[in-house]
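Visitor: predicted coordinates and the sequence they were generated for:
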Amino acid sequence: MIAGAALAVWCAPGPKLRSAILHFAAGVIFSVVAVELLPDIVQHHAPYEVVLGFGLGVATMLGLRYFTQRLEKQSETDPELPAGPDAAPINSAGTSPLPWGLLVAIGIDILIDGLLLGIGFAAGAKEGTLLAIALTIELLSLGLATAVELRDGGHGKGRAVAIVAGTSLMLLVGAGIGTTVLRGATGNLIEIVLFFGLAALLFLVTEELLTEAHEEAETPLLTLAFFVGFLLFLLLGMVA
């Protein structure tokens, strides 16, 4: 995520490249879900745990979507925010105010990613490792987007990267919570948590990554990036 922020402030990628990264990340995460997580979970034949975990996952992600969208709208409509990167600072410290609504929403997103990482390792070392790589690609894109927003809000290059670095610590918090909660958990609880994570990952792919990726005009090459990501991690899962 820090690397993405640094790339954005010193050599900002174009919208097509960012869309390609989002497509690729979506394909990678979908591949991990479909090839690694889902088959292992289905083998346990626990329909009640499936319904409970999946339902909780969807409800949680929809609730977080509603909450974070409200925060982002409040941040966008704040009259004290500067109009762009050349706007004059307006607070007593001589710097532009932080877009707290946006940062809180991003922090929650990263916290959920950390929880999913803990859930992935609960399913197995191989699944957790592949999910870690997949989420790394997603966080690269998120770091790019966050740094661009901060630069547009009037923050300097170093400050933008520092803010992204601080926000990225939420991943460690989420992963720590996930591994702590799941330590010593029983089989039924693990099934519920795994399907919760499965629903959250599917939500991340369909409602976050692909939605943002499609903000740029779709081309065959951009669509191809999704399938390249899927195939690459399918093959990696087969040989790992």
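Guide: Looks like it arrived, so ask away. Values in this document were obtained by computation on a predicted structure and should not be read as measured data.

Visitor: return the distance of the worst-scoring helix or strand of the chain on mean pLDDT from the chain's centre.
Guide: Counting by mean pLDDT, DSSP states H and E, the chain has its least confident helix or strand at helix 38-42, which shows a mean of 78. Centroid separation between helix 38-42 and its chain, computed with C-alpha atoms, centre = their mean, to the nearest Å, is 23 Å.

Visitor: do stretch 121-135 as well
Guide: From the chain centre to the centre of stretch 121-135 is a distance of 15 Å (C-alpha atoms, centre = their mean).

Visitor: going forward, count from 6.
Guide: Sure thing, new numbering starts at 6, so read that last one as stretch 126-140.

Visitor: return the list of helices and strands in contact with the following helix or strand past the least confident helix or strand of the chain.
Guide: Once the chain leaves helix 43-47, the next helix or strand it forms, by DSSP states H and E, is helix 52-81. Contacting helix 52-81 under the criterion 3 or more C-beta pairs under 8 Å, 6 or more residues apart in numbering; DSSP states H and E are the following elements: helix 105-128, helix 192-208. Backbone N, C-alpha and C define where each C-beta goes, glycine included.

Visitor: contact partners of the last one?
Guide: Which is helix 192-208. 34-35, 37-38, 42-43, 46, 49, 51, 54-55, 57-63, 65-67, 117, 120-121, 124-125, 127-128, 186-187, 190 (C-beta atoms under 8 Å, 6 or more residues apart in numbering).

Visitor: that helix vs helix 52-81, what angle?
Guide: 40 degrees (axes from the mean of the first three to the mean of the last three C-alpha atoms, to 10 degrees).

Visitor: among the helices and strands packed on helix 52-81, which is nearest Thr134?
Guide: Nearest to Thr134 among the helices and strands packed on helix 52-81 is helix 105-128 (8.1 Å), distances taken as C-beta to C-beta.

Visitor: pull the closest one out as PDB, backbone CA atoms only.
Guide: Extracted as PDB, the C-alpha positions of helix 105-128 are listed here (Å, rounded to 0.1, in the frame of the first residue of the first chain):
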ATOM      1  CA  TRP A 105     -11.500  12.100   8.000                       C
ATOM      2  CA  GLY A 106     -14.600  10.600   6.400                       C
ATOM      3  CA  LEU A 107     -12.600   9.100   3.500                       C
ATOM      4  CA  LEU A 108      -9.800   7.900   5.800                       C
ATOM      5  CA  VAL A 109     -12.100   6.200   8.200                       C
ATOM      6  CA  ALA A 110     -13.900   4.400   5.300                       C
ATOM      7  CA  ILE A 111     -10.500   3.300   4.000                       C
ATOM      8  CA  GLY A 112      -9.400   2.200   7.400                       C
ATOM      9  CA  ILE A 113     -12.500   0.000   7.900                       C
ATOM     10  CA  ASP A 114     -11.900  -1.500   4.400                       C
ATOM     11  CA  ILE A 115      -8.300  -2.300   5.300                       C
ATOM     12  CA  LEU A 116      -9.300  -3.700   8.700                       C
ATOM     13  CA  ILE A 117     -11.700  -6.100   7.000                       C
ATOM     14  CA  ASP A 118      -8.900  -7.100   4.600                       C
ATOM     15  CA  GLY A 119      -6.800  -8.000   7.700                       C
ATOM     16  CA  LEU A 120      -9.600 -10.100   9.200                       C
ATOM     17  CA  LEU A 121      -9.900 -11.900   5.900                       C
ATOM     18  CA  LEU A 122      -6.200 -12.600   5.900                       C
ATOM     19  CA  GLY A 123      -6.600 -14.200   9.400                       C
ATOM     20  CA  ILE A 124      -9.500 -16.200   8.100                       C
ATOM     21  CA  GLY A 125      -7.500 -17.400   5.100                       C
ATOM     22  CA  PHE A 126      -4.700 -18.700   7.300                       C
ATOM     23  CA  ALA A 127      -7.300 -20.400   9.500                       C
ATOM     24  CA  ALA A 128      -8.300 -22.400   6.400                       C
END
